[in-house]
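Student: sequence and predicted model, in that order:
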Amino acid sequence: MQGLSTLFLIVLSLQNIALGNECLRPCIAEESPMTCHYTFHIEYYATLTKACWDCPNNITDCSRHHCIAADGVHKGLVTINRQFPGPSIQVCEGDEVVVDVINHLPSESTSIHWHGQHMVGTPYMDGVPLLTQCPIGPASSFRYRFWAANAGTNYYHSHSGFQRADGVAGSFIVRQAATRDIHARHYDHDLPEHVIFVSDWLHEMGLTKFVSHHHDDGDNKSPNILVNGMGRFSKDEEKTDTPLASFNITQGYRYRFRLISNSILNCPIQMSIDNHTMKVLASDGYPIVPIEVDAITIAAGERYDFVINANQTPDNYWIRFHGLIDCAPLKAHQVAILHYEMADFDEPEGLVNYENCYVDGKVLNPVNVAPGTEDDITVAELNSTSKADENWNKEPDVKIWLAYDFYEVNNLHFHDPEHYPIFLVPHRRKLFTPQLNRISLKMPPVPPLSQPSDVPYERFCNTTTVGDCKNEFCECIYVEHVPLGSLVEMIIIDEGNTFDATHPFHLHGSAFRVLAMERLGNVTTLDDVLALDAAGKIERKFSAAPIKDTVSVPDGGYAVVRFIADNPGYWLFHCHLSFHVEVGMGLIFKVGEQEDFPPVPRNFPTCGPWLLNREDADLPPRSTSAIVFEEETTTSVSSTNDESNVVDLNINVLDLVQELSNKFKSSAVATAPTILVFSVVLFLSF
């Protein structure tokens, strides 16, 4: 075993040199933390650019510098350093991470959220624009600097618009020293290349898809899935021939893999490996009592660590990915390859299609399934290796009920109540709005964390301050204020009326324990769950309840989670599906008071709206004309001394202007010649 450990250190060191990343190293408990510096250049890019030369016709060209082959379909991207996924950050627990983000986007702002890092002491580094920082504007930059305090499998992504859907995301791995890793004995290797970064994949820019779906009758379905930015696409008997992700192992060893979902739309993904089971060690970076399964279903924002025992005949085996819910209509699926050393580099045999990428057996985290079924294991049935102390068992200090669904309400962003109300347009063009407690979150105009004196606190709201949100569209800065140090319980209820969906909810700034989960039927109500709780029929699991920061709630059911609000700041809680968070499916936790918040660094960027008032500045004198005309020396139609002619000319011009104006009103489109004549007449009138 000592020889194996030495070999592992040598392999890691060689990879360290190859990747040029000195922070990618074996983590040793006695070692001093390192400062790990990265530079992210964010810019518009595309798949299959000139950098790809003859890819995919020449498959080796697909590995060229800056070539993003994706699934062989041309589309626009937003990338970090012309890579997708972005550069993998792999550091040791306690390292200082410094990331300079440089925005090359000509007309978009950006930001980076460090998903899984709680930013204790540095809430202004959480990366949520207009909450914890100002957006990073075009041609500008921002330095993120924080401690890698939360060990485990995390990731980073843009929290601005649809940039995450277009490519601004990557893995963020924080390893521990073997003496601190409770699961170190379960595996022999934890290799940097054994990160599996999955996402549903659009064949158009995220904003284009969003606008088409929300303002017209465009769909919200994903056509494909990518694994580490690679894959193939099949349509109408045609198939692209781009490279597949491949993971190398050697027979006789146990390998730790890290699975991350960057899913964009409502696309949980089931992953399985032919002829292999997976021993799951952790969820969202937090260790659990190991459990062996045949498949894992992972939702947007979730992460799972598992071990593969390389105990099969050396060969190549399919790793299968099957998209569910909104990935089902277009049969989105993908494969990667598990390659044994000593096997030929051939693709595994057998047909690959949407149907056979789904497997039966013991499935972790199945979609819309209640605990207690024989083969399915919900996250609520997992057991943490960390026992909960008495602080988790007491009556919560704050209890928050969050019921949600898609509601048929005139969302003023997508339905005009007078001209195209939701109740009159065809069903295919109705936009049902996803809301928490029938409230859409509107972000504040300035980040309250860094600019508290500029915040319009009168726009803050919660369920006690809003009006009739069942019949009117409610949108405001939805804030739940909880005292510092309080035990907070959330009962999250998916009413399930409109669509058969599932929503993964992510909490910034903290993790929670999942105490209960149930599916009551296809639909339920807040009153149903309130009644169950009042009758003592919601059984909470206090001992060894799993710790997560992202949880999917069963459709027509509920989940009960608790967290201790010991991290002062403003923290976002939201659905992690891009189309939902961007229309306000979330709320803000204000933990503690302003005096409890860590002070922002000196010269921290500021932003916000601005109006020029008369008391702030006077306008310069009004100019009568910017053009000086010479006196006319030739004969004109009317003498400037003939006042009556001048008046008559003005009257005729005004009559003509009025006539042309009436013509505009009676026609939907003004022709170019008419506009030209109209412009000339207006010019002559002066």
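Tutor: Everything's here; your move. Numbering: from 1, shown residues only.

Student: can you give me the helices in the stretch 151-300 of the chain?
Tutor: Ranges of helices in the stretch 151-300 of the chain, per DSSP state H, counting those that start in this stretch, are 163-166, 206-215.

Student: between those, which gets nearest to residue 611?
Tutor: helix 206-215 (28.3 Å; CB to CB). All C-beta spots, glycine's among them, are computed from the backbone N, C-alpha and C.

Student: hmm, who's touching that closest one?
Tutor: 161-166, 202, 218-220, 264, 413-414, 431, 578-579, 582-583 (CB atoms under 8 Å, 6 or more residues apart in numbering).

Student: try 7 Å this time
Tutor: 161-162, 165-166, 202, 218-220, 264, 414, 431, 578-579, 582 (CB atoms under 7 Å, 6 or more residues apart in numbering).

Student: ok, the residues you listed vs residue 104, which is closest?
Tutor: residue 166 (14.0 Å).

Student: returning to what we had before: whichever of the contacts of helix 206-215 end up buried, select them in ChimeraX.
Tutor: The ChimeraX selection below is limited to those of these classed as buried (16 or more other CB atoms under 10 Å):
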select :161,162,165,166,202,218,220,264,414,431,578,579,582
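
Student: can you tell me which of the contacts of helix 206-215 is nearest residue 460?
Tutor: Nearest member of the contacts of helix 206-215 to residue 460, counting by CB to CB, is residue 582, at 20.6 Å.

Student: list the contacts for the closest one?
Tutor: 161, 210.

Student: hmm, try it at 10 Å
Tutor: Residues counted as contacts of residue 582 (CB atoms under 10 Å, 6 or more residues apart in numbering) are 160, 161, 162, 165, 206, 207, 210, 214, 574, 575.

Student: again, but for residue 82
Tutor: 41, 43, 45, 46, 49, 51, 65, 66, 67, 68, 167.

Student: okay, and which of those residues map to helices?
Tutor: Among the contacts of residue 82, DSSP state H puts none in helices.

Student: give me the buried subset of those residues.
Tutor: 45, 46, 49, 67, 68, 167.

Student: narrow the contacts of residue 82 to those in strands?
Tutor: 41, 43, 45, 46 (DSSP state E).

Student: direction included, what does the helix or strand where residue 339 lies pair up with?
Tutor: Residue 339 is located in strand 333-340, with elements delineated by DSSP states H and E. Its sheet considered, strand 333-340 pairs with strand 246-249 (parallel), strand 316-323 (antiparallel) by DSSP bridges.

Student: Throw the ones you listed into CSV and include distance to residue 487, mean neighbour count and mean pLDDT, thanks.
Tutor: What follows is the strands paired with strand 333-340, written out as CSV (distance: least, CB to CB, whole Å; neighbours: other CB atoms under 10 Å; pLDDT from 0 to 100):
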stretch, distance to residue 487, mean neighbour count, mean pLDDT
strand 246-249, 42, 19, 98
strand 316-323, 38, 23, 98
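
Student: can I get the ones you listed in JSON lines with distance to residue 556?
Tutor: Rendered in JSON lines, the data for those read as follows (distance: least, CB to CB, whole Å):
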{"stretch": "strand 246-249", "distance to residue 556": "37"}
{"stretch": "strand 316-323", "distance to residue 556": "22"}
